[in-house]
Every structure is written in structure tokens, then in C-alpha cells.
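Trainee: need a 3D model of the sequence below.
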Amino acid sequence: MTFAFKLVAAASGLAAFSGAAPSRAAGIDWAGVSGKEIVLFYPGQSSWEWSLTRSAMSGAKEFTEGKNCDDCHIGEEKTMGPQIASGQPRVFKDGTKPAIEPVPIAGKRGYIPATVKFANDGTNLYVHIEFAEGAQPDAKQDPLYDTKVTVMFNDGGVPEANRGGCFAACHDDSNGMPSAKGATRTMYLPRTRAKLTRQGGGDTLKPAEELAKLRADGYVLDFWEARLNPGAAPVAVNGTMFDKREEAAPAVVTAEATLSDGVWAVTMSRKLDAGPGFKTFTGAGRYTVSVAIHAGHTAHRFHYVSFERTMRIDGGPADFVAVKK
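Mentor: So this is what the prediction gives:
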């Protein structure tokens with residue numbers, strides 16, 4: 001049965017490192033750029049399909065009727081995150097819902113506040129993120145990197161991401177999710193699948209000509225990522241999410257990072273127009289952005305995520321404006 005739903009349109013002290021590519025951010029004084037604090041929360045096994053299931057998610061009715069995630073839940077992250085991370089049933093005003101973390105990590109904090117800033121220089125877009133991840137238990141899931149910071153961009157071409165941010169690419173049958181059954185399936189977008197059920201979309205894709213049209217219509221998400229270890233240069237990665245999560249080779253994003261007194265300051269940058277296959281950022285566009293942080297050597301779904309925010313280049317109504325510097 002098709003799962004149908006209604007979419008309404010370290011080191012202490014200062015240590016600085018830059019990636020292998022030439023730095024593009026050296027000339028920006030971030031102290032002079034306005035930013036906003038967002039709170040990233042631990043989401044457990046919440047998926048796109050879960051968010052549409054009334055027996056599992058308290059706001060599923062409102063979501064299917066047209067309210068976006070941010071309409072109800074921004075401001076609740078510091079309460080939701082610890083409750084989910086504990087592995088205990090979740091308590092809401094309208095009652096108790098089942099736990100969505102079956103394998104809680106002992107000592108895992110439930111949220112991380114981060115200050116986010118955007119800027120551009122007429123050629124490149126920059127995002128600057130400062131956060132203290134605090135004491136993190138070692139999950140021993142990713143042996144290579146202690147921390148990873150990811151930003152996802154949508155230019156409006158993915159309606160589900162306009163409404164639910166990165167949850168649009170997180171499904172019940174992805175790696176580590178309830179319906180995965182051992183599969184190592186990556187993130188993917190709902191409309192790439194031939195059929196979407198409560199358990200996700202599986203591996204059966206729509207016909208090639210339909211997929212080609214979706215791509216041509218901009219039904220793709222871009223992501224930038226900085227992979228971090230204290231005392232080492234960051235590794236910059238970027239790519240797209242469509243029928244799977246796919247990294248670009250070579251990367252077109254650069255990264256810089258400092259760690260001082262437990263606070264990471266990470267700057268990622270990319271040309272406003274990086275060429276075919278990537279989103280182009282213009283003053284006419286309104287973009288949806290979501291941030292994720294993996295901390296404590298975690299991987300896959302064991303991360304912190306933000307609800308969707310909006311971003312514009314140079315000016316206009318949005319949560320963030322990439323000011324000209």
C-alpha cells in the first residue's frame with residue numbers, strides 16, 4: 001500500500017588549520033558579520049515517513065495539513081533532544097509517544113547550540129559555524145574523524161526539504177533506521193522512488209526518463225561538509241543528494257577550522273556558481289538550509305540536526321542573509 005500524504009506547496013589555546021585547497025575565507029572579519037544561534041538536537045530514528053505517522057509523531061496531523069517542522073518545533077530542541085537521546089518514551093502535551101532511540105549512547109548530550117553566519121564576496125559563498133560540542137562519549141562508529149559539520153542547501157527545487165529540511169532525505173529504511181533490515185542505504189529524496197511506504201522507498205527507482213526530468217527540474221540537494229580532528233587540517237567534502245548521497249570528486253568546497261577552549265569555528269566556502277550539477281546562488285533566490293553535527297566519532301544517523309532555516313544572498317526576508325564583504 002502506497003504511503004500517501006498531502007504536501008502543501010584539541011587542544012586548548014588556539015590552533016588554526018585550513019584545507020588543502022587555497023583559503024577563500026581569510027579576508028572576512030566574522031566578528032563584523034551578524035549571525036544567529038540555532039539549536040541542533042539529537043533526532044534518534046525519526047524519519048520522513050515517521051513524521052507523517054500520527055501514532056508516532058505528535059505533529060503528524062498538522063504536518064500533513066500544511067504546517068512545516070519549524071512552525072511548531074523551533075524553540076523545543078533543548079527539551080526534545082535530551083528526551084530522545086535518553087531512549088525513553090517521549091512526553092508531549094497530548095500524551096506519550098514511543099521512544100525513537102532503541103540504542104542510546106550512554107552520556108550523549110541531547111543538543112548543541114551553534115552560531116551560524118553567512119557572507120559572500122561577489123564570487124564565493126561562505127558559511128561560518130561556531131559551536132562547543134561539550135563532553136562527548138566516544139561512539140567508536142567513525143574511526144577517522146572526531147567531528148563532522150554538514151550544511152544542506154535547497155533552492156526550492158525539493159518541496160519536501162522546504163517543509164522538513166534534512167528530514168526529506170532521511171528515510172525509515174536508511175542505514176541504522178527501523179526498516180533498514182541490515183541495509184547500508186544512504187540518504188535519498190522521496191520522489192526518486194517508484195513507491196514510498198511507511199517503511200521507506202527501498203531500492204526500486206522511478207524509470208530513467210522520470211529521474212532525468214526530476215534532476216532537470218532541480219529536484220536535488222547540495223551538501224557541504226567539514227571533517228574535523230583536533231590538531232589536524234579539516235577535510236572538505238561536498239556533493240548532492242538525489243537517489244543517493246553522492247560525494248563530488250574533486251570537492252569544490254574548501255574548509256577552515258579553529259579549536260580554542262573547546263569551541264570549534266568552522267568556515268566552508270564555494271563559488272556562488274560552481275558549474276553544472278551544483279546549485280547556483282543568486283540574489284534572486286531564497287534557499288532552505290539545514291545544519292548537522294556528528295560529534296564523538298559518530299556516523300550516519302547518530303548526529304545532531306537543525307530544523308530548516310531560510311537564507312538569501314545580499315538581502316531580503318530570511319533567517320540568514322549572506323552579506324557582501
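Trainee: got a list of what residue 36 touches?
Mentor: 115, 116, 319, 320 (C-beta atoms under 8 Å, 6 or more residues apart in numbering). C-betas here are computed from N, CA, C, even on glycine.
Trainee: which of those sits closest to residue 194?
Mentor: residue 319 (35.2 Å; C-beta to C-beta).
Trainee: let me see the contact set for the closest residue to the closest one other than its chain neighbours.
Mentor: Closest residue to residue 319 in three dimensions, ignoring its sequence neighbours and counting by C-beta to C-beta, 6 or more residues apart in numbering: residue 309, at 4.1 Å. Shown in contact with residue 309 (C-beta under 8 Å, 6+ apart): 38, 70, 116, 288, 289, 290, 319, 320.
Trainee: same list, these, but as a markdown table with pLDDT please.
Mentor: Formatted as a markdown table, these follow (pLDDT from 0 to 100):
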| residue | pLDDT |
| --- | --- |
| 38 | 97 |
| 70 | 70 |
| 116 | 98 |
| 288 | 96 |
| 289 | 97 |
| 290 | 97 |
| 319 | 96 |
| 320 | 97 |
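Trainee: and the two most separated of those residues?
Mentor: 70 and 116 (14.5 Å).
Trainee: tell me which of these two has more neighbours.
Mentor: residue 116 (21 against 18; other C-beta atoms under 10 Å).
Trainee: if we can go back for a sec, the residue nearest to residue 319 pairs with what?
Mentor: Under DSSP bridges, the beta-bridge partners of residue 309 are residue 289.
Trainee: and the gap between it and residue 72?
Mentor: 15 Å (C-beta to C-beta, to the nearest Å).
Trainee: could you do residue 164 as well?
Mentor: 12 Å.
Trainee: so which of those two has more stuff around it?
Mentor: A direct count of neighbours by other C-beta under 10 Å for residue 164 and residue 72 places residue 164 higher, at 24 against 14.
Trainee: does the more buried one touch residue 69 like I think?
Mentor: Yes - with contact defined as C-beta atoms under 8 Å, residue 164 reaches residue 69; the gap is 5.0 Å.
Trainee: anything in contact with each of these two?
Mentor: 51, 63, 308.
Trainee: flag the shaky bits of the stretch 51-200 of the chain, pLDDT-wise.
Mentor: The stretch 51-200 of the chain contains no residues with pLDDT under 70.
Trainee: residue 214 and residue 188, how far apart?
Mentor: 12 Å.
Trainee: quick one, which of the two is more surrounded?
Mentor: With neighbours defined as other C-beta under 10 Å, residue 214 and residue 188 compare such that residue 188 has more, 24 against 19.
Trainee: need the contact list for the more buried one.
Mentor: So residue 188 contacts 169, 171, 174, 201, 241, 242, 243, 244, 245 (C-beta under 8 Å, 6+ apart).
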